[in-house]
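J.: fold the stuff below for me.
(one chain, ligands or ions: 1)
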Amino acid sequence: MPWHRKHLLTIEELKRSEIEQILATAGAFRRILDRKVKKVPALRGKTIVNLFLEPSTRTRISFEMAAKLLSADVISFDAAASSTTKGETLRDTAQNIQALHADMIVLRHAASGSPLYLSKVLGIPVVNAGDGAHEHPTQALLDVFTMREKLGDLKGRKVVILGDILFSRVARSNIHALTKLGADVTIVGPSTLVPHWFESMGVRVSHNLREALADADVVMLLRIQHERQGSSHFPSLGEYTSMFGLNYTRASWVKPGAIIMHPGPINRGVEIDSDIADSDRSVILQQVTNGIAVRMAVLYLCAGGQPEHVLTPVE
Ligand code: CP
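T.: Residues are numbered from 1 along each chain as shown. I've put the predicted structure just below:
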């Protein structure tokens, strides 16, 4: 089946078959990453602009690596040194970048829906690198890629997402991806951050950590997203950690063979203790590495590439 999307805006809008296409394409790029020569000419002559208007370490560098490995030219926008500080709007900024002959924009922005908005006012592909508390599609894609690498088919697998679900774009994108792939998702944390209305997304809501962890195949931690919380949702960070932080004792409630994930950045000693984040069960850094292959796949497909052209080995 040919790939037909120009933009990657949300996981919600993707069909399961499209997620499978991205993951299969990412699998081919992941194998290329293990070769001595990792660079392929797929996007030679294209210019990709990383328009990040919120801080990022992993996603920005990963998109930059991915674009360079596809032989594209990459410009990473420096928000602090840009004319956005003089009041230029997102629309004007992006239209000027397009007028400068960019072929694609990768956008991170605090406003939910901003990638959709740009996709309507620009003529070039837009890739969502995280919009407010709405979605972070490439994070979810690299997460499910990593789960499948470790556990195989996700149908019936029990995935527990623990932490600040309410303000998390990672949680929303993962819930869409995991439920489409047949996983059984439980979200857990304090009731103020894990409200029952999330059940309408097809997940189980729990406030009982021990019970939720007991049969998990995957435990995904999320940090408290202070940057999006207008007011306090629990008495103190110390109290949150004492009730929901993943420490050595609580990790022992998780069955052997289960994996521990975190999208980063991690707050050691808050949502996760160092001895768990750095343990053999943690796949946190493998998530980061797989992110390059997933973003290569997304850039390649949104630029008009077809999955079948990379699914055969490139020598
Ligand atoms: N996971 C993630 O989005 O990390 P960054 O904010 O560092 O990009």
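
J.: measure Asn247 to the ligand for me?
T.: According to C-beta to the nearest ligand atom, to the nearest Å, Asn247 and the ligand sit 22 Å apart. Where C-beta positions appear, they are placed from N, C-alpha and C, glycine not excepted.

J.: can I assume that residue is in contact with Glu271?
T.: No: between Asn247 and Glu271 there is no contact under C-beta atoms under 8 Å: 10.3 Å.

J.: higher neighbour count, those two?
T.: Shown here are Asn247 and Glu271; by other C-beta atoms under 10 Å, Glu271 has more neighbours (23 against 14).

J.: quick one: contacts for the closest residue to Leu246 other than its chain neighbours?
T.: Of all residues beyond its chain neighbours, the one nearest Leu246 is Ile272 (4.8 Å), with distances taken as C-beta to C-beta, 6 or more residues apart in numbering. With contact set as C-beta atoms under 8 Å, 6 or more residues apart in numbering, Ile272 has these partners: 221, 245-246, 260, 262, 266.

J.: among these, which are in strands?
T.: The members of the contacts of Ile272 that map onto strands under DSSP state E are 221, 260.

J.: residues of the stretch 51-200 of the chain that sit close to the ligand?
T.: Neighbours of the ligand within the stretch 51-200 of the chain, by C-beta under 6 Å from any ligand atom: 56-59, 130, 139.

J.: buried among those? Make that a PyMOL selection.
T.: One line in PyMOL is enough to select the buried ones among those; burial here means 16 or more other C-beta atoms under 10 Å:
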select buried, resi 56+59+130+139
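
J.: mind listing which of the residues of the stretch 51-200 of the chain next to the ligand are in helices?
T.: Applying DSSP state H to those, the entries found in helices are 58-59, 139.

J.: next, count neighbours for His4.
T.: Neighbours around His4, by other C-beta under 10 Å: 9.

J.: same check on Asp103?
T.: Quick note: Asp103 (other C-beta under 10 Å) scores 18 neighbours.

J.: wait, Asp217 sits on Ile259?
T.: Yes: counting by C-beta under 8 Å, Asp217 touches Ile259, with 7.4 Å between them.

J.: the more surrounded of those two?
T.: Neighbours around Asp217 and Ile259, counted as other C-beta under 10 Å, are more numerous at Ile259. The numbers are 23 against 20.

J.: so who does the more buried one touch?
T.: Shown in contact with Ile259 (C-beta under 8 Å, 6+ apart): 147, 150-151, 217-219, 281-283.

J.: in strands only, show me these.
T.: If you go by DSSP E, these have 218-219 in strands.

J.: before we move on, back to that, I'd like the ones in helices among the residues of the stretch 51-200 of the chain next to the ligand as a markdown table, with pLDDT appended.
T.: Shown next, in a markdown table, are these (pLDDT from 0 to 100):
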| residue | pLDDT |
| --- | --- |
| Arg58 | 98 |
| Thr59 | 98 |
| Gln139 | 98 |
